[in-house]
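Enquirer: Got a predicted model here, sequence first, then my questions.
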Amino acid sequence: MNDVPDFKRWDTPALVRFCEQAYVQMQTTQADMEALRASIKDAVRAYRELVIKHAKEKQNDNNQY
(Lines give C-alpha, C1' and ligand atoms only; values in the text may rest on other atoms or scores of the structure.)
Protein backbone atom coordinates (compact mmCIF):
# COMPACT_ATOMS: atom_id res chain seq x y z
CA MET A 1 0.00 0.00 0.00
CA ASN A 2 1.93 3.02 -1.26
CA ASP A 3 -0.75 5.64 -0.66
CA VAL A 4 -0.62 5.59 3.15
CA PRO A 5 -0.96 9.13 4.54
CA ASP A 6 2.01 10.56 6.42
CA PHE A 7 0.23 10.84 9.76
CA LYS A 8 3.34 12.27 11.44
CA ARG A 9 2.77 15.50 9.52
CA TRP A 10 -0.92 15.84 10.36
CA ASP A 11 -1.94 18.37 12.98
CA THR A 12 -4.03 17.24 15.95
CA PRO A 13 -7.41 18.55 14.73
CA ALA A 14 -6.96 16.77 11.39
CA LEU A 15 -6.05 13.52 13.16
CA VAL A 16 -9.06 13.85 15.45
CA ARG A 17 -11.42 14.38 12.48
CA PHE A 18 -9.89 11.44 10.66
CA CYS A 19 -10.23 9.17 13.70
CA GLU A 20 -13.83 10.21 14.29
CA GLN A 21 -14.75 9.55 10.67
CA ALA A 22 -12.91 6.23 10.68
CA TYR A 23 -14.69 5.18 13.89
CA VAL A 24 -18.12 6.00 12.46
CA GLN A 25 -17.27 4.09 9.28
CA MET A 26 -16.07 1.07 11.27
CA GLN A 27 -19.27 1.05 13.34
CA THR A 28 -21.39 1.23 10.19
CA THR A 29 -19.40 -1.57 8.59
CA GLN A 30 -19.74 -3.70 11.72
CA ALA A 31 -23.52 -3.20 11.78
CA ASP A 32 -23.73 -4.09 8.08
CA MET A 33 -21.68 -7.25 8.64
CA GLU A 34 -23.88 -8.33 11.55
CA ALA A 35 -27.00 -7.81 9.44
CA LEU A 36 -25.50 -9.87 6.61
CA ARG A 37 -24.58 -12.67 9.02
CA ALA A 38 -28.15 -12.75 10.29
CA SER A 39 -29.47 -12.83 6.71
CA ILE A 40 -27.17 -15.70 5.82
CA LYS A 41 -28.28 -17.65 8.88
CA ASP A 42 -31.93 -17.07 7.95
CA ALA A 43 -31.30 -18.15 4.36
CA VAL A 44 -29.47 -21.32 5.43
CA ARG A 45 -32.25 -22.16 7.90
CA ALA A 46 -34.91 -21.69 5.20
CA TYR A 47 -32.90 -23.78 2.73
CA ARG A 48 -32.57 -26.62 5.25
CA GLU A 49 -36.31 -26.55 5.91
CA LEU A 50 -37.03 -26.76 2.17
CA VAL A 51 -34.59 -29.64 1.68
CA ILE A 52 -36.11 -31.56 4.58
CA LYS A 53 -39.66 -30.86 3.36
CA HIS A 54 -38.75 -31.99 -0.16
CA ALA A 55 -37.08 -35.14 1.13
CA LYS A 56 -40.14 -36.03 3.23
CA GLU A 57 -42.48 -35.42 0.29
CA LYS A 58 -40.32 -37.57 -1.95
CA GLN A 59 -40.26 -40.32 0.68
CA ASN A 60 -44.05 -40.16 1.00
CA ASP A 61 -44.42 -40.37 -2.78
CA ASN A 62 -42.17 -43.47 -2.86
CA ASN A 63 -44.11 -45.11 -0.03
CA GLN A 64 -47.41 -44.76 -1.89
CA TYR A 65 -46.39 -47.21 -4.60
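Expert: On my side now, so go ahead. Numbers count the residues shown, from 1 in each chain.
Enquirer: where does this structure dip in pLDDT?
Expert: Scanning the chain with the threshold set as pLDDT under 70 gives 1, 65.
Enquirer: give me that answer again for 90
Expert: The chain contains residues with pLDDT under 90 at 1-3, 57-65.
Enquirer: ranges for the helices of it?
Expert: Using DSSP state H, the helices found in the chain span residues 12-63.
Enquirer: so who does residue 22 touch?
Expert: For residue 22, no contacting residues are found, by CB atoms under 8 Å, 6 or more residues apart in numbering. Where you see a C-beta, it was placed from the backbone N, CA and C, and this is true even at glycine.
Enquirer: Could you shift the numbering so residue one becomes 53, and keep it that way?
Expert: Let's use 53 as the start, then, which means that last one is residue 74.
Enquirer: any idea how far residue 80 is from it?
Expert: Residue 74 is 11 Å from residue 80, where distance means CB to CB, to the nearest Å.
Enquirer: now residue 71
Expert: To residue 80, residue 71 is 15 Å away according to CB to CB.
Enquirer: ditto for residue 114
Expert: Where residue 80 is concerned, residue 114 sits at a distance of 51 Å (CB to CB).
Enquirer: What of residue 103?
Expert: Distance of residue 103 to residue 80, given as CB to CB: 35 Å.
Enquirer: same check, this time on residue 102
Expert: For residue 102, the distance to residue 80 (CB to CB) stands at 33 Å.
Enquirer: With residue 62 instead?
Expert: For residue 62, the distance to residue 80 - CB to CB - is 23 Å.
Enquirer: Specify which residue of these two has the higher count of neighbours.
Expert: Legend: neighbour count by other CB atoms under 10 Å for residue 62 and residue 80, higher for residue 62 (13 against 10).
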